[in-house]
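Chemist: The following block contains a protein sequence and its predicted model.
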Amino acid sequence: MMKELSLACALLCGMAAAADRPVLTEQEAAGAGSVNPNDQGTQIKPRAQPHLAAGTQAAGKDFPGVAALCSSALPQALRRERTAKGEGQRPAPEATRVFDNLYYVGVQNVSAWAVATPDGIILLDALNSPEDIMNTVEPGLRKFGLDPANIKYVIVTHGHGDHFGGAAYLARQYHAHVLMSDNDWKLAPTMLNKPMYQAPPPRDIVVQDGQKLTLGGETLTLYITPGHTLGTVSVLIPVTDHGQPHVAALWGGIGFNFPHSPARFRTYADSAQRFMRLALAAGADTPLSNHPTIDNAIEKSQQLKKRGPNDPNPFVMGQSGVRRFLTAASECALAYAEQISD
């Protein structure tokens, strides 16, 4: 009898705990630390443990920002301190030529990448605001003799304000075409919950899964990888380093600041696994992110300054690096899904 009562209590208590979880909108959840559902429970669930171990092992010391995703899946009392440097501790970013045709032109909290071709520039993400474009992207491009007026396309990886913030300015100032997924064209205008975020431009090019974008002989491949948002876009970018070909795999949405449900976390994990397969099939050997704390872009850019003629490019981590990066993201999402599953 006591056993039956205990079982009934466990089921009912679990249902009550689930009912008590705050149901966040996409807009509320995107506020990162401003609204935290803190839904991980008080103990690590057995089904989560193997995913936590696999994610942490895959991230290792190379991807502390991704390892922090697994840490976020832990109950609050057991959560480890994030090992990646906080934004306030990071060095100020500088525009950097990372590959022959790829430039980092981001700010301290978010990245923008410029692909230079003979026929113009493709910009991946538009930072927080028009001011970020004027103060960082434009002078960053000019530093390397590139004219911002030649920005032809802006790929917005997802519809959060820190990625589309300068897109309307670029469309207006340089007549650049802006690309986003259908879901995120719908999401972006609803995300204006912070004064720094200005409205996105009018709907322009809608990204289709597997779409090719070609400019000046360079072809980028765009995949829709739902999870971080329902229409997050991840990109394969052909690059060269002193003439040697490489492929960069840009994961378009890393954080878990979305409405929490087991299904949403599993969607994220499925997307990471699928993009990993696609990236490895394309020979990708360079994992990239649109946040510098995730791929250590600022630190690696500093390493490039000291690079000798025979030294490797610190951004190139081999196919094993791409596999580990995306495996860690997937496994940490699966760990979180198990932590909040009843």
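Modeler: Thanks, I have it.
Chemist: separation between the residue lying closest to residue 317 once chain neighbours are set aside and residue 155?
Modeler: Nearest non-adjacent residue to residue 317, counting by C-beta to C-beta, 6 or more residues apart in numbering: residue 287, 6.1 Å away. For glycine as for every other residue, the C-beta is placed from the backbone atoms N, C-alpha and C. For residue 287, the distance to residue 155 equals 17 Å [C-beta to C-beta, to the nearest Å].
Chemist: Name every strand pairing with the helix or strand where the residue nearest to residue 317 lies and say which way it goes.
Modeler: Residue 287 belongs to strand 286-289 when assigned by DSSP states H and E. Taking DSSP bridges as the criterion, strand 286-289 sits next to strand 244-251 (parallel) in its sheet.
Chemist: Can I get the partner strand as PDB, trimmed to CA atoms?
Modeler: What follows is strand 244-251, C-alpha atoms only, in PDB (Å, rounded to 0.1, in the frame of the first residue of the first chain):
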ATOM      1  CA  GLN A 244      44.800  25.700 -49.500                       C
ATOM      2  CA  PRO A 245      41.100  24.900 -49.500                       C
ATOM      3  CA  HIS A 246      39.100  24.300 -46.400                       C
ATOM      4  CA  VAL A 247      35.400  24.400 -45.500                       C
ATOM      5  CA  ALA A 248      34.000  26.300 -42.500                       C
ATOM      6  CA  ALA A 249      30.900  25.100 -40.800                       C
ATOM      7  CA  LEU A 250      29.000  27.900 -39.100                       C
ATOM      8  CA  TRP A 251      26.500  26.700 -36.500                       C
END
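Chemist: what about that strand, distance to the chain center?
Modeler: Put simply, strand 244-251 sits 15 Å off its chain's centre (C-alpha atoms, centre = their mean, to the nearest Å).
Chemist: Equivalent analysis for stretch 232-251, please.
Modeler: 15 Å.
Chemist: quick check: mean pLDDT across it?
Modeler: Stretch 232-251 shows a mean pLDDT of 98.
Chemist: Could you list the buried residues of it?
Modeler: Applying a neighbour-count criterion of 16 or more other C-beta atoms under 10 Å, one finds 232-239, 241, 246-251 buried in stretch 232-251.
Chemist: just the helices in the chain please.
Modeler: 2-20, 26-29, 49-59, 64-73, 130-132, 138-143, 161-164, 167-174, 182-187, 262-281, 292-295, 297-305, 318-339 (DSSP state H).
Chemist: so of those, which one's packed in deepest?
Modeler: When you average the neighbours per residue for each of these (mean count of other C-beta atoms under 10 Å), helix 161-164 leads with a mean of 27.
Chemist: who touches the nearest residue to residue 264 once chain neighbours are set aside in this structure?
Modeler: Sequence neighbours aside, residue 258 is the residue nearest to residue 264 in space, at 6.0 Å (criterion: C-beta to C-beta, 6+ apart). With contacts taken as C-beta atoms under 8 Å, 6 or more residues apart in numbering, residue 258 has the following neighbours: 26, 29-30, 227-229, 264, 268.
Chemist: re the thing from before, got the CA positions of the strand holding residue 287 in CSV?
Modeler: Below are the C-alpha coordinates for strand 286-289, written out as CSV (Å, rounded to 0.1, in the frame of the first residue of the first chain):
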residue,chain,number,x,y,z
THR,A,286,36.7,24.6,-39.3
PRO,A,287,33.9,25.0,-36.7
LEU,A,288,32.6,28.5,-36.5
SER,A,289,30.0,30.3,-34.4
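Chemist: Let me see the mean pLDDT of it.
Modeler: 98.
Chemist: now stretch 316-335
Modeler: For stretch 316-335, mean pLDDT rounds to 98.
Chemist: burial count for residue 97?
Modeler: 16 (other C-beta atoms under 10 Å).
Chemist: which residues touch residue 100?
Modeler: 239-243.
Chemist: picking that back up, I'd like the contacts of residue 258 written out as CSV, with distance to residue 137 added.
Modeler: Listed next are the contacts of residue 258 as CSV, based on distance: C-beta to C-beta, whole Å:
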residue, distance to residue 137
26, 27
29, 28
30, 23
227, 27
228, 22
229, 22
264, 32
268, 29
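Chemist: Just give the nearest non-adjacent residue to residue 69, would you?
Modeler: Nearest in space to residue 69, with sequence neighbours left out and distances taken as C-beta to C-beta, 6+ apart, is residue 332 at 3.8 Å.
Chemist: Pull up the per-residue confidence for the nearest residue to residue 294 once chain neighbours are set aside.
Modeler: Distance criterion C-beta to C-beta, 6+ apart; nearest residue to residue 294, sequence neighbours excluded, is residue 65 at 4.0 Å. In this model, residue 65 is scored at 93, pLDDT.
Chemist: same thing with the one 10 residues further on?
Modeler: The predicted structure scores residue 75 at 89 on the pLDDT scale.
Chemist: What's the local residue count around it?
Modeler: By the criterion of other C-beta under 10 Å, residue 75 has 15 neighbours.
Chemist: How about it, nearest residue that isn't a chain neighbour?
Modeler: In space, residue 75 is closest to residue 40, 4.8 Å off (C-beta to C-beta, 6+ apart).
Chemist: the bottom helix or strand of this protein by mean pLDDT?
Modeler: helix 2-20 (a mean of 37; mean pLDDT, DSSP states H and E).
Chemist: and the residue nearest to residue 69, what does it touch?
Modeler: 51-52, 55, 59, 66-67, 69-70, 72-73.
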